[in-house]
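Engineer: A structural model of the following input is requested.
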Amino acid sequence: MNAEADPVEGTPLIKPSSTHHPLYVDVVVACRSVYDPEIPVNIYDLGLVYTIEISEENDVNIIMSLTAPGCPVAGEMPGWVADAVGAVPGVRNVNVELTWEPPWGMEMMSDEARLELGFM
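Structural biologist: Below is the predicted model of the structure:
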């Protein structure tokens, strides 16, 4: 995922994740267990998970988007993600926040997702 800098502010459009935290890989695996019901690809490879922030106390804050604001599961998907990540051993609390900035685009998908959907 590309965290381009905002030319006005000089800050990334997508906040960096806690990639060096010991729980990071397990949280990503949990995110990959959640699928968009309209697209047969998990939400992580679709590029819907923008940021995974993990505190020293193992509290996880996830900032994610959906493929479109009118997504029929908009009210449910954050709960699915929270349940999946909350089941990871060692995670204390989970907060999932939806954002529409930057808007999701097909360029945010992983190569695996592009291949699965026939775009490669």
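Engineer: Go through the top helix by length along the chain and flag the buried ones.
Structural biologist: Ordering each helix of the chain by length in residues (DSSP state H) puts helix 77-86 first. Buried residues in helix 77-86, counting neighbours by 16 or more other CB atoms under 10 Å, are found at Met77, Pro78, Trp80, Val81, Ala82, Ala84, Val85. Where you see a C-beta, it was placed from the backbone N, CA and C, and this is true even at glycine.
Engineer: quick check, Val25 in a helix?
Structural biologist: Yes: counting by DSSP: H, G, I helix; E, B strand; the rest coil, Val25 is part of a helix.
Engineer: Now do it, the pLDDT please.
Structural biologist: Val25 carries a pLDDT value of 97.
Engineer: what about it, neighbour count?
Structural biologist: A total of 11 residues lie near Val25 under the criterion other CB atoms under 10 Å.
Engineer: try Thr67
Structural biologist: With other CB under 10 Å as criterion, Thr67 counts 19.
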